[in-house]
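>>> sequence and predicted structure below; questions after.
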Amino acid sequence: MKIDRRTLLVGSGAAAGLIVAYAAWPRGERPALLPGKEAALLGPAIAIARDGRVTVAVPAVETGQGIWTALAQVAAAELGADWNQVGVEPARTGSAWDNPLAEEQGWREGLGPLRAWRLPAGSFRITAGSTSVRAWEAPMRRLAATARALLIAEAADRWKVAAAECDTGGGMVRHEGKALPFGALAEGAARRQPPNEVPLRDTPAALSGQPAPRLDSPAKARGEWRFAGDVRLPGMLFASLRRSGGGAIRIESPAPRGVQFVTGDHWVAALAEDWWSAEQAINQATIRSFALVGRDEAAIDEALDRALGGDEFEPLISVGDVDGAFEGARPLTATYSAAAMSHQDLEPPSVTVRLGEDAVEIWAGSRAPELFRQAAARAAGISLGRTILYPLPIGGQGGTGLDADLLPIAVTLAQQAGRPVQLSVPRAEQVRGDAVRPPLKARLFARPLPDGQIAGWRLRLAGADGMSAALAALLGTEAGGFRKAALPAFPYGIPNVSVEASAADLPVKLGYHRGEWDGPLTFMTEGFIDELARIGGRDPLSQRMALLAGNPRLARCLLRATALSGWDGGGAGSQMGLAVLSAYGSHIAVVASAAVGTGGKIEVSRLVAAVDTGRVINPALVRQQIEGGMIAGIAAASAKAPSFLHGRVTGPLEPTAPGLAGTPEVLVEILASRAAPGGVNGLGWAAAPAAVANALAAATGRRLRALPLNPMS
């Protein structure tokens, strides 16, 4: 098939080989992007093969949230494709797929002194903050509409009819009983000049808004879904690792036969022909580590208390006159805290590196593939243009994928071995060196009024911004301050509101986590609202409704959730609690039924949620994310807080996940909405723990003001 330059087909060399290396994931079929033979590219992200298969290149990273399905469904609906012939692949690195919400999220702001504007185009191709559908739905629709216009123009010329009289559907271009399949039109369509302006469909196609089957499910069910640790290259060695946490480290025992020990600045590694041999060798070796002292829980608490007790607070939200609202009154106050949290993802971190004479190839899962590629170029001492990253799916939604710590180590090992190297670490080492969610501590003040309104609200927060820390570490710069965009939208109509933050000098490694601050701040805000309701003699529902006149979408969610749950008023001993959250352009209300069981164990029997996420692309994906997020959120909120020694996590070393017997009944209702699509991934994760905490307060009469929840504390 003849492909000309207008189709934006990548030329030749390493970049073209990168395309050929990918199959039409995840269907396990032969590649749909074979330059010059099998397929025509209609725009930079959609290819149509002779047999009619449509491949969509997706810029977002698949972490299990279903984004490859959602964005492919957006493109397929606008294109009029047959869903059974749609496959996906990750958008190639080096393309300008910046997340258009980067500024809104404050990601550049979080880079501190780095001149972010000098970064190459595409650097902020980041999958985080529940942004993917919001960021890339519109670009995907435009690309698909362009491809549709090219196909229709080709068919119309063949039929000698007006293009405006034609439409697409089911993988065909149709006109008054005539139909031509996409595959038969692709070559001719690819030779056409794309129109300058292409109208989008006035009404969604039949596929849009439907629970289309996930594209990744068949491959996962067959065990064919490929993660970073599944990469296999000819002549590849395997490596395992131990790190010191900042001090010197060395191995004081000889390497067994077939194993090579390598020592770096703050790490030691074992290389072998298989990973198990490398892991066993380093696990049994005598390792001496000179760790940094004083970096433990006591040091963390001291840093938070010092920041919270100081006078330097950065304003994040300022509405009205809070000082005036508090004048002449003694506000009610409470102190809340949230401990650091380890990542809960199940996939062990893994990076594979192959060095050539003038190029470096990396196989890894990264939420920011372009920034990761830049880090790889720096580590290998090679130009960015000769650095190829194969972005792989990530095995978990907890937030891993922004940490490039393993990358320079893997490059060093590959350089010393002269062979490709795959570096993987076991779960225990992953947790010990984890970039935790920053611990937070807050003091809340409020002046309630007799009619249920609140005259003034102040929240003073001490902690750090995990996303800023993660991006700074990835780019080798200093982290900026708090990002205002990291705050969930304040949901209540209080006329005088102040949210202030003070940076704490925390002696642990910090990173991005699912939901960022949303979980801790929702727990704090919703807990304090509950306290104010009970002090004023109101039930938690009427207290919130009195404050939600300016947030009708959230009020609708709250009324629906309480109706579905059979809300009993939340009085003493009711075992029911509720919480609300507005974030990512979406809204959620959760009602939890929970109690304290034998031995102080938290027992959650039921979770009911009503959500408004705007116009829904795939309701099955939304339901999965809310259900899974709530279950994962309460599991994390019920787990033991991590302990630290010398800046490293000492435990717990295993992820917290409930078995089927411990999983509550879950009911989720998605409310119809014509608003723009909102984010979903962090909603249930952030809101459910707050609802459980409020249920426990009703059941026991005792308010828990610290995450994770510990009824025995």
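Looks like it came in fine.
>>> wait, is Thr55 part of a helix?
No - using DSSP: H, G, I helix; E, B strand; the rest coil, the secondary structure at Thr55 is strand, not a helix.
>>> so it is in contact with Ile46, correct?
Yes - using Cβ atoms under 8 Å, Thr55 makes contact with Ile46 at a distance of 7.2 Å. All C-beta atoms are positioned from the backbone trio N, CA, C, and that covers glycine.
>>> host element of Ser318?
strand 314-319 (DSSP states H and E).
>>> now do that strand: everything it contacts.
Here strand 314-319 makes contact (Cβ atoms under 8 Å, 6 or more residues apart in numbering) with 461, 481-482, 484, 487, 490, 494-503.
>>> what is the nearest of those residues to Leu558?
Phe490 (15.6 Å; Cβ to Cβ).
>>> pLDDT on stretch 180-187, on average?
Averaging pLDDT along stretch 180-187 yields 94.
>>> where does the stretch 251-400 of the chain have low pLDDT?
292 (pLDDT under 70).
>>> mind listing the helices for it?
Remark: helices assigned in the stretch 251-400 of the chain by DSSP state H, counting those that start in this stretch are 275-284, 297-308, 322-326, 369-380.
>>> give me the domain ranges for the chain.
As recorded under automatic domain parsing, the domains making up the chain are 5-221, 228-291+349-424, 312-342+435-707.
>>> if I look at Thr656, how far off is Gly433?
Going from Thr656 to Gly433 by Cβ to Cβ, to the nearest Å gives 19 Å.
>>> over to Val56?
36 Å.
>>> one more: Ala376?
In terms of Cβ to Cβ, Ala376 sits 19 Å off from Gly433.
>>> those two - which one has more neighbours?
Higher neighbour count among Ala376 and Gly433: Ala376, with 26 against 23, using other Cβ atoms under 10 Å.
>>> longest single helix anywhere in the chain?
helix 132-159 (DSSP state H).
>>> helices or strands up against it?
strand 46-49, helix 67-79, strand 167-169, strand 172-175, strand 178-181, helix 182-190 (3 or more Cβ pairs under 8 Å, 6 or more residues apart in numbering; DSSP states H and E).
>>> which among the ones you listed is found nearest to Val692?
helix 67-79 (27.8 Å).
>>> possible to save the helices of the stretch 251-400 of the chain as JSON lines with distance to Pro652?
As requested, those are exported to JSON lines (distance: least, Cβ to Cβ, whole Å):
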{"stretch": "helix 275-284", "distance to Pro652": "19"}
{"stretch": "helix 297-308", "distance to Pro652": "14"}
{"stretch": "helix 322-326", "distance to Pro652": "40"}
{"stretch": "helix 369-380", "distance to Pro652": "29"}
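>>> got the CA coordinates for stretch 321-338 in CSV?
What follows is stretch 321-338, C-alpha atoms only, in CSV (Å, rounded to 0.1, in the frame of the first residue of the first chain):
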residue,chain,number,x,y,z
ASP,A,321,-13.1,37.3,55.5
VAL,A,322,-12.4,34.4,57.9
ASP,A,323,-10.8,36.6,60.5
GLY,A,324,-13.8,38.8,60.5
ALA,A,325,-16.1,35.7,60.8
PHE,A,326,-14.2,34.5,63.9
GLU,A,327,-14.0,38.0,65.5
GLY,A,328,-15.7,38.0,68.9
ALA,A,329,-16.4,34.3,68.9
ARG,A,330,-14.5,31.2,70.0
PRO,A,331,-14.4,28.9,67.0
LEU,A,332,-14.7,25.1,67.5
THR,A,333,-11.5,23.3,66.7
ALA,A,334,-10.2,19.8,66.1
THR,A,335,-6.9,18.3,65.0
TYR,A,336,-6.8,15.6,62.4
SER,A,337,-3.9,13.6,60.9
ALA,A,338,-3.1,11.1,58.1
